[in-house]
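Visitor: one predicted model, sequence on top.
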Amino acid sequence: MGVWLVDGGSVTIGDVVRAMSLFSILTLPMEILGFLFQEMPRSVVAMDRIDGVLAVATEPRPEPSSESRSEMASANATGSAGPGSGPVVVEFESVGFAHPDGLDVLGDLELRLEPGESVALVGATGSGKSTLVALLAGLVPPTDGEVRIGGQATTTLGPEGVAVSVATVLQETFLFADTVRANLTLGREVADDELAAALDAASAAGFVSALTEGLDTMVGERGVTLSGGQRQRLAIARALLRRPAVLVLDDATSAVDPVVEAGILAALRRPADQEASSGERPTLLVVAHRLATIRLADRVLFLDGGRIAASGTHEELLEVEGYAALARAYELAGGKA
Ligand SMILES: Nc1ncnc2c1ncn2[C@@H]1O[C@H](COP(=O)(O)OP(=O)(O)OP(=O)(O)O)[C@@H](O)[C@H]1O
Ligand SMILES: [Mg+2]
């Protein structure tokens with residue numbers, strides 16, 4: 001173009017050089033502008049997705065609120081055990097639960113757990129045990145009736161409020177890619193003897209001290225891979241460190257052998273703090289599949305088809321047909337183990 005224009009005499013060589021250098025200066029900014037326009041739609045979509053994640057209601061955080069933490073500190077100072085809440089009664093009042101797709105899981109649940117009581121929850125698979133646990137932990141609101149922890153409805157307390165007094169250990173345990181200690185304390189300041197006591201009660205002290213760096217061993221994705229039973233025991237120790245008034249174990253000892261399981265449950269039934277004069281121990285709700293575990297409980301709840309079909313001691317419930325069949329099956333499975 002420049003040669004043709006200079007030949008025609010309409011522009012000078014200087015004009016052509018000027019235009020060329022101007023274009024070479026403009027190339028980079030134009031490229032950047034093009035890149036921006038190309039990235040814009042992708043960023044908008046990404047932002048939408050991140051917003052979606054941020055908008056999700058928060059899960060219960062295991063850390064107590066700052067106020068209950070200071071209460072805990074003062075409780076420790078005076079030597080008495082227990083979290084900010086103290087002993088609490090758990091009540092289910094005509095509770096029902098149905099999934100959005102219309103399937104009724106639980107109905108007409110009437111239940112009262114006294115402080116310090118240990119209760120085994122027994123029922124066939126799919127009978128609604130985990131659903132009952134989720135209701136107690138305030139993870140899902142009941143569709144009917146009310147679940148109360150210490151007199152307050154879980155729906156008003158919210159999952160975080162419930163977590164102040166209720167600690168739940170689920171079958172699927174989660175460990176962070178961090179040290180054993182960090183996985184137990186979750187960033188809280190915890191005294192070493194308290195850590196040791198919790199590990200002891202959860203029968204985890206042995207294998208933790210056998211790890212190359214003890215409490216400072218990295219676990220999870222970037223560290224030592226622990227067995228299912230070891231993970232479960234760490235999860236129980238983590239729950240115990242919160243000194244919950246109510247401890248709920250949903251199949252949380254399924255991967256440990258029966259002898260260790262019995263040891264853990266026996267330890268849980270002793271007062272958490274031996275020196276405490278009050279001798280408080282947490283209320284215990286255990287989803288159990290082994291007869292030895294079930295026999296340890298003060299009371300057995302038998303869930304059948306989403307209803308509490310019977311409640312009483314193991315011996316009393318053997319009169320109930322469905323329960324007796326289940327107990328026989330557990331006995332056979334236990335014999336093999
Ligand atoms: N998201 C869901 N949507 C619809 N139905 C569900 C959902 N989750 C669970 N259920 C149903 O709710 C019922 C109770 O489930 P739940 O997990 O409470 O049983 P469970 O007693 O804990 O069984 P398991 O002993 O196998 O753990 C089951 O029949 C199950 O099919
Ligand atoms: Mg379950």
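Guide: Ah, there it is. Numbers count the residues shown, from 1 in each chain. Ligands and ions are numbered 1, 2, ... in the order given.
Visitor: local confidence estimate at the closest residue to Glu331 other than its chain neighbours?
Guide: Computed as Cβ to Cβ, 6 or more residues apart in numbering, the closest residue to Glu331 that is not its neighbour in sequence is Leu291, at 5.5 Å. The C-beta positions use only the backbone N, C-alpha and C, and glycine is treated the same way. For Leu291, the pLDDT comes out at 84.
Visitor: look at Leu291 and say how many residues are nearby.
Guide: Other residues near Leu291 number 22, with proximity taken as other Cβ atoms under 10 Å.
Visitor: quick one: it and Thr283, what's the gap?
Guide: Counting by Cβ to Cβ, to the nearest Å, the gap between Leu291 and Thr283 amounts to 22 Å.
Visitor: same question for Glu91.
Guide: The gap separating Glu91 from Thr283 is 12 Å, by Cβ to Cβ.
Visitor: for the stretch 101-250 of the chain, what lies in contact range of ligand 1?
Guide: Proximity of the stretch 101-250 of the chain to ligand 1 is confined to Asp101, Leu103, Val105, Gly123, Thr125, Gly126, Ser127, Gly128, Lys129, Ser130, Thr131 under the rule Cβ under 6 Å from any ligand atom.
Visitor: ok, the residues you listed vs Ala182, which is closest?
Guide: In terms of Cβ to Cβ, no member of these lies closer to Ala182 than Ser130, at 27.7 Å.
Visitor: tally of neighbours for the closest one?
Guide: Using other Cβ under 10 Å, the number of residues around Ser130 comes to 17.
Visitor: now do the one 4 residues further on
Guide: Counted by other Cβ under 10 Å, the residues lying close to Ala134 total 19.
Visitor: that one: what's it in contact with?
Guide: The neighbourhood of Ala134, defined by Cβ atoms under 8 Å, 6 or more residues apart in numbering, consists of Val140.
Visitor: which SSE is immediately downstream of the helix or strand of the chain with the lowest mean pLDDT?
Guide: Using mean pLDDT, DSSP states H and E, the weakest-scoring helix or strand in the chain turns out to be helix 66-78, at a mean of 41. Sequence-wise, the next helix or strand beyond helix 66-78 is strand 90-98, with elements assigned using DSSP states H and E.
Visitor: now the strands for the protein?
Guide: Shown for the chain, the strands assigned by DSSP state E span residues 90-98, 104-113, 118-123, 144-149, 152-153, 166-169, 246-250, 283-287, 299-304, 307-312.
Visitor: parallel or antiparallel, which strands does the fifth one pair with?
Guide: Under the criterion DSSP bridges, strand 152-153 sits next to strand 144-149 (antiparallel) in its sheet.
Visitor: tell me the angle of the strand it pairs with relative to strand 90-98?
Guide: For strand 144-149 against strand 90-98, the angle by axes from the mean of the first three to the mean of the last three Cα atoms, to 10 degrees is 150 degrees.
Visitor: give me the contacts around strand 144-149.
Guide: If you take Cβ under 8 Å, 6+ apart as the criterion, strand 144-149 is touched by 88-97, 107, 109, 135-136, 138, 153-155, 157, 162, 165-166, 246.
Visitor: how deep is the residue of the stretch 151-300 of the chain found nearest ligand 1 tucked in, by neighbour count?
Guide: Per Cβ to the nearest ligand atom, the residue of the stretch 151-300 of the chain with the smallest distance to ligand 1 is Asp251, at 6.3 Å. Per other Cβ under 10 Å, the neighbour tally for Asp251 reads 18.
Visitor: with Gly96 instead?
Guide: For Gly96, the number of neighbouring residues by other Cβ under 10 Å comes to 17.
Visitor: same deal with Gly107?
Guide: Using other Cβ under 10 Å, Gly107 is surrounded by 18 other residues.
Visitor: equivalent analysis for Ala237, please.
Guide: Count around Ala237 with other Cβ under 10 Å applied: 26.
Visitor: who's in contact with it?
Guide: By Cβ under 8 Å, 6+ apart, the contact set of Ala237 is Leu184, Ala198, Leu199, Ala201, Ala202, Ala204.
Visitor: OK, contacts around the fourth one?
Guide: The reference is to Ala201. Applying Cβ under 8 Å, 6+ apart, we find Ala201 in contact with Ile236, Ala237, Leu240, Ile264, Ala267, Leu268, Ala272.
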